[in-house]
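1. need a structure here:
(one chain, ligands or ions: 2)
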Amino acid sequence: MTTQNANLASWVEEVARLTKPDNIHWCDGSEAERERLIEMMLADGTLLKLNEKTYPNCYLHRSNPNDVARVEHLTFVCTPERDDAGPNNHWMAPADAHAKIDALFDGCMKGRTMYVIPYCMGPIDSPYSRCGVEITDSPYVVVNMHLMTRAGSDALKRIEREGTFVKGLHSIGDLDPEKRFIMHFPEELTIKSIGSGYGGNALLGKKCHALRIASWQARQEGWLAEHMLIVGIENPQGEKKYVAAAFPSACGKTNLAMLIPPESHEGWKIWTVGDDIAWMHFDEEGQLRAINPEAGYFGVVPGTNRKTNKNAFDMITHDTIFTNVAVTEDMEPWWEGRKNGTPVIDWKGNKYDPANGPAAHPNSRFTVSAKQNPSYAPEAEDPRGVPISAIIFGGRRASVAPLVYQAKDWEHGVLVGASVASETTAAATGAVGVVRRDPMAMKPFCGYNFGDYWNHWLAMGQRSGKLPQIFHVNWFRQDAGGNFMWPGFGENLRVLRWILDRCENRAAAQETAIGYLPTKDALDTSGLDIDDATLETLLSIDNEEWKTEVAGVREYFESFGDRLPAKLRERLDQVDRDLG
Ligand code: OXD
Ligand code: MN
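-> Ligands and ions are numbered 1, 2, ... in the order given. Modelled structure (predicted):
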């Protein structure tokens, strides 16, 4: 296979001249291709076969222990002007970045096969979808891209028809962290990544294309590319509404997208459209609509069990690639929080010894086709996407942030999103549990200056008379003893119900300086073991704490200088005044 697109053909030739692979393979996305690659990786130890009886067609990949998470300090946005990347990104001048990384690509595929993967982000026939081509020397990346995107011949046909695509060049290099870089050239629609095989660094359709490059394209073209799950909520009367929700990495997006209604909620159903990324456009009637550009899930494994996420637990019992989990004696995958079985070999392939830390890496992952999800929404394949009633922002906050509140209007909602802060998790390298500002949960993923990004969000609010309502939630509030105050998981449906009722003007709220909070009666807590004082804390704010919070947001905003939209500063001042 090759291509009729001259631009693609000459880029592949150019890359081959630089990287000097032994062979070039154009991926068609077929089952036969996948099987061949799996056989090859089983033979050379890249994959291990898991228990065929209990986990049919499941494999384990152990990555290099120095390569287990996204590396934000090695991730660059390379715009001609430093200010266009903004203080939220690491920046390098495009010519310097190309020179630096091309030197590492020089000859890096000698003795290897170069795979060319045409892929489409979003349903293949959707006007909102965008295509890309990833060139990689990692067969593990190829089989993951097969699951995570619509990859192969159909995507190539669309590229040949449309003529445009994002160029992504990837090599695992020699996995030396000193020679690891993930570079983005938004104006060239180009990504270059070397030295890592980890998902977010290597599966270029995901964070690199569908967020960093797409956020930049979205601004040019008047839409939104966001780090958001998309979920459908069906009430017992059969009415379905959809919300999009942004949370920082490893804060439960996959769990919320696949929520199982609790027993108290008979007749309610949850439908997953997407668990990580939403591309949103206003349609001709001014309705915001979202597609999930991905076709699979690359989810965090630890903590997944029948109680926390039964859908995910069941979904990953077959046709799944596990990365960096432990195994039991029977070669079943094992992770902390799995609730049954005993690990014998840890994620590094050593005999498990609790003295060496957790058996599974805290950022161990599953890769699986979305079609295996029992709650997969058929509308996820709809080229028009789904209508969004509410946008939800959230973070992991032990204190300060109440369980839920509603922004006063779109502009205030942009302030709420821009003010998101969260405790860090294992999804990126670095300290865990430190509160950091993570506007719209996009801190690691916005491909340009946050000041311009917030301006774009504000401008989007001018495009329609029927904007979705904006909310903020915090499932992670803790009491003085460090216990979670809200049960979370399936019970979060109660909060989603209040949110949807607010969108229809059907639920009571009290106005505060930071937005509308549910009155105690407005949130259905029947049957929950939650005392009055706890509920009071979850549904109120402490003005003094919030004054400190506002001061922190102000200081952060000021780091964007004159790129900070005046409107955001005004709205923050207003909140400050209202706090007294
Ligand atoms: C992810 C992340 O993998 O956000 O989705 O890190
Ligand atoms: Mn994510």
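
2. Please compute how far stretch 348-355 lies from its chain's middle.
-> 30 Å (CA atoms, centre = their mean, to the nearest Å).

3. Stretch 545-553 now?
-> Centre-to-centre, stretch 545-553 and its host chain are 27 Å apart (CA atoms, centre = their mean).

4. do the same with stretch 167-174
-> 21 Å.

5. and what of stretch 50-68?
-> 22 Å.

6. which residues are contacting that stretch?
-> Where contact means CB atoms under 8 Å, 6 or more residues apart in numbering, the residues beyond stretch 50-68 that reach it are 38, 41-42, 46-49, 140, 175, 177, 180, 196-198, 316-325, 327, 330-333, 347-349, 361, 363, 429. (C-beta placed from N, C-alpha, C; glycine too.)

7. pLDDT (mean, whole number) over that stretch?
-> Per-residue pLDDT over stretch 50-68 has a mean of 97.

8. same thing with stretch 438-449?
-> The average pLDDT within stretch 438-449 is 97.

9. Helices - which of the contacts of stretch 50-68 land there?
-> Of the contacts of stretch 50-68, the ones assigned to helices by DSSP state H are Ile38, Met41, Leu42, Tyr140.

10. next one: phi and psi at Tyr242?
-> Here the main-chain torsion angles of Tyr242 (degrees, to the nearest 10) amount to phi -120, psi 140.

11. Repeat that for the one 3 residues further on.
-> Ala245 has phi and psi values of phi -140, psi 130 when expressed as degrees, to the nearest 10.

12. so it touches Ile392, yeah?
-> Yes. Contact status for Ala245 versus Ile392: in contact at 3.9 Å, counting by CB atoms under 8 Å.

13. For the ones in helices among the contacts of stretch 50-68, which single residue is the most surrounded?
-> Each of the ones in helices among the contacts of stretch 50-68 was scored for neighbours by other CB atoms under 10 Å, and Tyr140 scores highest at 23 neighbours.

14. ok, now which ones touch it?
-> Contacts here follow CB under 8 Å, 6+ apart; on that basis Tyr140 touches Met41, Thr46, Leu47, His61, Gly197, Ile321.

15. so the residue in the stretch 1-150 of the chain that ligand 1 sits nearest to bridges to which residues?
-> When you check the stretch 1-150 of the chain against ligand 1 by CB to the nearest ligand atom, the closest residue turns out to be Arg70, at 5.6 Å. Beta-bridge pairing of Arg70, defined through DSSP bridges, involves Ala428.

16. and it, how many residues sit next to it?
-> For Arg70, the number of neighbouring residues by other CB under 10 Å comes to 22.

17. Also the one 3 residues further on?
-> For His73, the tally of surrounding residues (other CB under 10 Å) stands at 11.

18. The residue of the stretch 1-150 of the chain closest to ligand 1 is in contact with Thr424, isn't it?
-> No. Because the distance of 11.7 Å does not satisfy CB under 8 Å, Arg70 is recorded as not touching Thr424.

19. Tell me the residues of the stretch 251-400 of the chain that contact ligand 1?
-> Asp276, Phe298 (CB under 6 Å from any ligand atom).

20. let's see it at 5 Å
-> Of all the residues in the stretch 251-400 of the chain, those in contact range of ligand 1 (CB under 5 Å from any ligand atom) are Asp276.

21. All set, thanks.
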